[in-house]
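# Fold the following, please.
(one chain, ligands or ions: 1)
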Amino acid sequence: MEPIWDVIVIGGGQAGLASGFHLKKRGLSFLILEAGGEAAGAWPQYYDNLKLFSPAKYSSLPGLPIESPGDRYPHRDEVIQYLKGYASHFDLPLVYHRRVDQISKESGIFRVTTSCGEKYMARNLISATGSFSRPYTPSIPKQEQFKGTILHSATYRTPALFQDQSVIVVGRGNSAVQIAMELSEVADTTLAVREPVTLIPQRLLGQDIHFWFKLTGFDSFWRFGKSFANGSSVLDLDGYKQRLQAGNPKQKKMFTVFYDNGVIWSDGTQEEVQTIIFATGYRSNVSYIDALGGLDGQGEPEQKNGISKKIPGLYFVGLSGQRSFASATLRGVGPDAEYVVKYIQNNLEKQKNIH
Ligand code: FAD
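Residues are numbered from 1 along each chain as shown. Take a look at the predicted model:
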C-alpha cells in the first residue's frame with residue numbers, strides 16, 4: 001500500500017526547496033517531486049552573464065545564507081551551486097526525474113501520477129513549478145511575414161550570436177534591460193517599450209537599495225510593490241541610466257506591425273531588423289492541475305496568498321506577486337513558503353480526523 005504523505009511538493013527549484021525547509025522544520029511527512037535531475041530549478045537555463053539584481057546578503061533562502069562576501073551581486077552559477085548545496089545541507093527528500101503529469105482527488109486524498117506512470121498520494125499539494133517553461137509572447141500583426149529571427153528571452157544565452165546585427169529587445173523589465181545592455185556592446189540594439197523604462201537607483205545614501213526595502217518593510221507594501229513585481233521598474237545596475245541617455249541601447253515606443261524584413265514603429269517609420277527578442281515575461285506553469293479545476297481562463301491559479309480558492313489542500317509557492325513584490329525571488333520565497341506550510345499544519349489534524 002502506497003503511503004499517504006502529509007504534503008507532496010511539485011518542483012524542486014528555490015520555491016520547492018524553501019517549502020521543504022519549512023515542512024521539515026515543522027515535522028510534516030513529505031516528498032519533493034522534481035522533473036529534472038538536480039535541485040537548481042530553472043537557473044541553469046538563464047542567460048550566461050546573468051548577475052543577480054540583489055546582493056548576496058539579500059539573496060538567500062531560509063536557514064542557509066548564500067556564501068559571498070559583502071555587497072557582491074552573485075553570478076547565476078553561484079546560485080546554482082547554492083541551491084544544490086541547500087538541498088543536500090538540509091537533506092531534503094527530493095525524488096528526481098519525476099515529472100507530474102496528472103492529479104486527481106478522491107475522498108480528500110490527492111493522487112499524483114508522473115510521466116513514467118508512478119503514483120503518489122498526499123493530503124496536501126504544494127505546486128512550486130515556476131513559470132520558465134511557459135514564456136509569454138504577445139501577438140503582433142503580420143508576425144508570420146517576418147523573415148528574421150524571433151525568440152523569447154527564455155532561450156537567449158549570450159550576445160556573441162548577435163554580433164553586428166540589428167536587434168530589437170521588446171520589454172522594459174530587468175531581463176529586457178540587462179539583455180539590451182549587453183547586446184548593445186556588439187549589436188545595433190533598440191529596446192521597444194510601451195512606456196519608458198523606469199530605473200530605481202541601486203544605492204541610496206551609501207546603502208544598497210535592498211537594505212532600504214528591508215528596513216522600510218517595502219516588500220509587503222503592495223501598491224508600489226505590485227508595479228515592481230510585474231517588471232515595470234528596473235534596478236539601475238552598471239550605469240544603465242547614462243547608457244540609455246546616450247542612446248546605446250536606443251529606446252523606442254513599441255512597434256505596431258511587422259513586415260518581411262523588419263518592423264514599423266508607431267510613428268510610421270520602417271526599420272530593417274535581423275532579430276527580435278521578446279523579454280515579455282512568463283505565465284505560471286501549472287497545467288498539470290487543470291483537470292482538478294482551480295485555474296482561471298488564462299490558466300493562472302485562482303488563489304489568495306498561495307492558498308487555492310477552489311481546491312482544499314492545494315497550495316502554491318513562488319508565484320509572482322503571491323504575497324509581496326519579492327515572492328518570486330530568492331529572498332522573498334522563504335516567507336511565502338513559511339506562510340503556506342504553517343497554514344497546512346494548522347489544518348492537518350482536522351484532515352487526519354476526517355480521513
Ligand atoms: P523554477 O526555478 O522554474 O523551478 C521549478 C522547478 O519545477 C524546476 O526544477 C522544474 O524542473 C520543476 N518542474 C516543472 N514542472 C514540473 C512538473 N510537472 N513536475 C515536477 N517538476 C516540475 N530572482 C532573484 O532573486 N534575483 C535575481 O537576480 C533574479 N534574476 C532573474 C533573471 C531571470 C532571467 C529570470 C527568468 C528570473 C530571475 N529571478 C531572480 C527570479 C526567480 O528567482 C527565478 O525565476 C526562480 O528560478 C523561480 O524559482 P521557482 O522554484 O519558483 O521556479
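# Near I344, how many residues? Count them for me, please.
Per other CB atoms under 10 Å, the neighbour tally for I344 reads 25. Glycine gets a C-beta too; all of them are placed from N, C-alpha and C.
# which non-adjacent residue is nearest it?
Here the nearest residue to I344 in space, its sequence neighbours aside, is N124; by CB to CB, 6 or more residues apart in numbering that works out to 5.1 Å.
# Confirm that neighbour sits in a strand?
Yes. Assigned with DSSP: H, G, I helix; E, B strand; the rest coil, N124 falls within a strand.
# I'd like to know how far it sits from the ligand.
16 Å (CB to the nearest ligand atom, to the nearest Å).
# Beta-bridge partners for that residue, please?
V7 (DSSP bridges).
# so it touches I4, yeah?
No. N124 is beyond contact range of I4, at 10.4 Å (criterion: CB atoms under 8 Å).
# who has more neighbours, these two?
N124 (26 against 16).
# can you pull the contacts of the more buried one?
Listed by CB atoms under 8 Å, 6 or more residues apart in numbering, the contact set of N124 reads D6, V7, I8, F110, G313, L314, Y315, I344, N347, L348, Q351.
# out of those residues, which are inside helices?
Counting by DSSP state H, the contacts of N124 place I344, N347, L348, Q351 in helices.
# so what pLDDT did the residue nearest to I344 get?
pLDDT for N124: 98.
# so Q298 touches R283, yeah?
Yes. Taking CB under 8 Å as the definition, Q298 is a contact partner of R283 at 6.9 Å.
# Among these two, which residue is more densely surrounded?
Higher neighbour count among Q298 and R283: R283, with 14 against 8, using other CB under 10 Å.
# Quick check, S284 in contact with V317.
No. Assessed by CB under 8 Å, S284 is found out of contact with V317, at 11.6 Å.
# Of those two, which one has the most company?
Between S284 and V317, V317 has the larger neighbour count (other CB under 10 Å), namely 32 against 22.
# Model confidence for that one, exactly?
98.
# do L330 as well
Reported pLDDT for L330: 95.
# got the contact list for A176?
By CB under 8 Å, 6+ apart, the neighbours of A176 are S153, V169, V170, L191, A279, T280.
# The last one reaches S175, doesn't it?
No. Using CB under 8 Å, T280 makes no contact with S175, being 9.4 Å away.
# Now for the two: what residues contact both?
S153.
# So for these two, which sits in the more crowded spot?
Regarding T280 and S175, a neighbour count based on other CB under 10 Å identifies S175 as having more, with 24 against 19.
# what does this structure put close to the ligand?
Neighbours of the ligand within the chain, by CB under 6 Å from any ligand atom: 10-16, 33-36, 41-43, 46, 50, 52-54, 59, 99-100, 128-130, 132, 175, 285, 288, 318, 328-330.
# Out of these, which end up buried?
Among the residues of the chain next to the ligand, those classed as buried by neighbour count (16 or more other CB atoms under 10 Å) are 10-16, 33-36, 41-43, 46, 50, 52-54, 59, 100, 128-130, 175, 285, 288, 318, 328-330.
# send the alpha carbons of whichever helix or strand Y82 is part of over as CSV?
Using DSSP states H and E, Y82 sits in helix 76-89. Written as CSV, here are the backbone C-alpha positions of helix 76-89 (Å, rounded to 0.1, in the frame of the first residue of the first chain):
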residue,chain,number,x,y,z
ARG,A,76,24.0,32.7,-12.0
ASP,A,77,26.4,29.8,-11.5
GLU,A,78,26.9,30.7,-7.8
VAL,A,79,23.1,30.5,-7.3
ILE,A,80,23.1,27.0,-9.0
GLN,A,81,25.8,25.8,-6.6
TYR,A,82,24.0,27.3,-3.7
LEU,A,83,20.6,25.7,-4.4
LYS,A,84,22.2,22.2,-4.9
GLY,A,85,24.1,22.7,-1.7
TYR,A,86,20.9,23.8,0.1
ALA,A,87,19.1,20.6,-0.8
SER,A,88,21.9,18.4,0.5
HIS,A,89,22.6,20.6,3.6
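# And that helix, what's buried?
Buried-residue list, helix 76-89, by 16+ other CB under 10 Å: R76, E78, V79, I80, Y82, L83, Y86, A87.
# Turn those residues into TSV, including pLDDT and distance to S29.
Below are the buried residues of helix 76-89 laid out as TSV (pLDDT from 0 to 100; distance: CB to CB, whole Å):
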residue	pLDDT	distance to S29
R76	93	34
E78	95	32
V79	96	29
I80	97	29
Y82	97	26
L83	98	23
Y86	98	20
A87	98	18
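# ok, and the closest non-adjacent residue to A291?
Q102 is the one closest to A291 (CB to CB, 6+ apart), at 6.5 Å.
# Look at that neighbour and give its secondary structure.
Taking three-state DSSP, the label given to Q102 is strand.
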